[in-house]
Every structure is written in structure tokens, then in C-alpha cells.
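Trainee: Quick one, what's the 3D model for this:
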Amino acid sequence: MNWKELERPGFFGDKKDQIIDGYNQKYGKENWQLAWKFGQERISFLLACQIYEDAYFADSLNREDLWKKLTHDAKNIYDHKESNIFSGFDYSIQESPASHLQDIAIRRVVLRRSWQFEGDKLIQIRSHKEYWGRNLSPGKVQFHLPALIEKPNLESWWNKNSVEDFYQSNKYLFVKIE
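Mentor: Residues are numbered from 1 along each chain as shown. As a prediction, this is how the structure comes out:
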């Protein structure tokens, strides 16, 4: 099967379902896919999530005191809806229109570090106005391999060379060619 790289679609957010419906109408349901570039390789969503998570893992090594404070204070974490906690460690469980990955990545890093959440608060990792969002939002956490972010970097609400920059700048739309 041959695929042609068409575009870098950037951030979907709450419009993800609309955008996907548009791709289905324009190209046919089985005739397009999203994939991420990593160096010379085209990788799947789940592998992109693993690399995204690895950036959070590197951050947990660089800012261990911050991460220890999080595990001390939080009983769990979420992105935009408290129901995000039901995704657990599974990136494929996305119960709302906008994807939530940072909460899953953080839970997985806590597991990988043999830590556990010990607190009594359900903490949101999103708003840059709040302490945890300013520190652990994917738009703020630095990507551990910035040279592998596709150039030019896409620009939006995230910082250049952040985890979100990797996720959005390296995401491509591919269409099937005959």
C-alpha cells in the first residue's frame, strides 16, 4: 500500500471529530491516515505517544522534586475532564472529542519510576494559569530530542521545542495513492 504525505494538519483540539469527518468525506474512510514522522521514519499514534511519554520521563529525571511534589499531592491527574482518569495507562482510550495524552503519560511515568500517587487531590494538568499546568502541560515540558522536531516548527499555544510541539509539528496527514 502506498501513501502520499499531504500536509501537517496541526492542532485539532475539540474539532477533532469534525476534522476526521471531513477527511472521511474528502478521501474515504480507509484512504487516509495520521502518522508522525520521527527522523526518517513514519510512526504510528501509539509509538508517537511512547516518544511523547519518554519526554515526560526525561522531565521526571530533570525535575524530580516537582514530580515528587505531584505524587505527594495528587491522588490522580486529568487533562480536561475528570473522566480522563478512566483511561488509566491506555492512550487508545479517548472518551472525549479532544485527545488527552499528558495525563496518561504522567501516570505511566509515575509507574515507570515505581512511584505512586499518595495525595488526596484530583489535579488538572492543563491550564497554564494554574501551577500544575504551568509546570507539566505538554506545551511547557521540553521535548528531550528537539533536533527531531519537524521544521519549521508549527506555532500555536505551545512553546517551541515542547512535547506538544513535537506532537503537532511531527503529525502528518497521509492519503492512499493508487
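Trainee: So for stretch 99-116, what gets flagged as buried?
Mentor: 99-110, 115 (16 or more other C-beta atoms under 10 Å). For the C-beta atoms, the positions are set from N, CA and C on the backbone; glycine is no exception.
Trainee: my bad, stretch 125-136
Mentor: Buried residues in stretch 125-136 (16+ other C-beta under 10 Å): Ile125, Arg126, Trp132, Gly133, Asn135, Leu136.
Trainee: Which of the buried residues of stretch 99-116 fall in helices?
Mentor: Counting by DSSP state H, the buried residues of stretch 99-116 place Gln102, Asp103, Ile104, Ala105, Ile106, Arg107, Arg108, Val109, Val110 in helices.
Trainee: Specify which member of these is nearest to Phe38.
Mentor: Nearest to Phe38 out of those is Ala105 (C-beta to C-beta; 16.3 Å).
Trainee: quick one: contacts for the residue positioned nearest the centre of the chain?
Mentor: By C-alpha atoms, centre = their mean, the chain has its centre lying nearest to Leu101, at 4.2 Å. Contact analysis of Leu101 by C-beta atoms under 8 Å, 6 or more residues apart in numbering lists Cys49, Tyr52, Asp79, Tyr91, Pro138, Tyr167.
Trainee: and those, which of them are in strands?
Mentor: Counting by DSSP state E, none of the members of the contacts of Leu101 fall within strands.
Trainee: do you know how far Ser169 is from Leu101?
Mentor: Ser169 sits at a distance of 15 Å from Leu101 (criterion: C-beta to C-beta, to the nearest Å).
Trainee: Lys26 now?
Mentor: 26 Å.
Trainee: just to revisit the earlier point, mind putting the buried residues of stretch 99-116 in TSV, pLDDT and distance to Asn159 included?
Mentor: As requested, the buried residues of stretch 99-116 are exported to TSV (pLDDT from 0 to 100; distance: C-beta to C-beta, whole Å):
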residue	pLDDT	distance to Asn159
Ser99	91	19
His100	95	19
Leu101	97	16
Gln102	97	14
Asp103	98	19
Ile104	98	21
Ala105	98	17
Ile106	98	18
Arg107	98	23
Arg108	98	22
Val109	98	19
Val110	98	23
Trp115	98	26
